[in-house]
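Participant: Everything below, folded, please.
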Amino acid sequence: MTQLNLNFTEAFGDELSARLDIPDEGEPRGYVLFAYCFTGYKNILVAVAKFMRDEYQAPHMLIGQSLGGAAVLSASVEIPEVVAVATIGALADPHHVEHHFASAKDEIEKKGLAEVSIGGRPFRIKKGFLDDIADQKLTEKVKNMKKALLIFHSSIDDIVGIENAAEIYQAARHPKSFVSLDKADHLITSRVVAYYVAAVISSWANRYVDNQAS
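Facilitator: Just a heads-up that it's a prediction; the model follows:
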């Protein structure tokens, strides 16, 4: 596997960085865009998808963890090539996590970003992130996204409660699936659980990505 570091400027002037993993031999079967935890928001995902479309191939699948899960659900309706979406510990309403960085909100507004601790790990929260979640009406977008959906969530998640998964699942149309992650924390710090999630997504995605890759 070859790893490429990508840097580009999106439409609003933000400098973006990403990593692209591609096979050492042969053409990729399809491209997948992954948004990790609290670092991604809808506008960035749409910009990255455009970059991929222009330079490689548009993503056929989106995967998002935590607030990144909310971001991929929202962005999926603006990326027509996407046929499948997987979320891990996603929020049904991004406003539910605002209290985690409420103390840094003034700094984010003034300086454009701030570092906050969520789940014991540091994250850089940008102003664009706050602007994006302020305009989220996620359940309506989930109802209308018309993509296959796979939802992972832990019943002991103490940062994003399991009720979020239920709300997303109820709003979504078929085909949709839910996988319970027992004994998993919000950040999926267990290597065993992480490999399990990856294996399930890989198997599930075969039904959709193979039929779309050109």
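Participant: gap between residue 105 and residue 111?
Facilitator: 11 Å (C-beta to C-beta, to the nearest Å). From N, CA and C alone the C-beta is placed, and that goes for glycine too.
Participant: likewise residue 78?
Facilitator: Going from residue 78 to residue 111 by C-beta to C-beta gives 28 Å.
Participant: again, but for residue 83
Facilitator: Taking C-beta to C-beta as the measure, residue 83 and residue 111 are separated by 39 Å.
Participant: Repeat that for residue 125.
Facilitator: Relative to residue 111, and taking C-beta to C-beta, residue 125 is found at 11 Å.
Participant: In terms of neighbours, single out the busier of the two.
Facilitator: For residue 125 against residue 111, the residue with the higher neighbour count under other C-beta atoms under 10 Å is residue 125, and the figures read 22 against 11.
Participant: report the longest helix in the chain, please.
Facilitator: Taking residue count as the measure and DSSP state H as the definition, the longest helix of the chain comes out as helix 191-209.
Participant: Now do the helices in the chain.
Facilitator: Counting by DSSP H, one finds helices in the chain at the ranges 42-55, 67-75, 105-111, 127-134, 138-144, 163-171, 191-209.
Participant: which residues touch the fifth one?
Facilitator: This points to helix 138-144. Around helix 138-144, the neighbours that count as contacts under C-beta atoms under 8 Å, 6 or more residues apart in numbering are 70, 73-74, 76-77, 91-94, 149, 167-168, 171-173.
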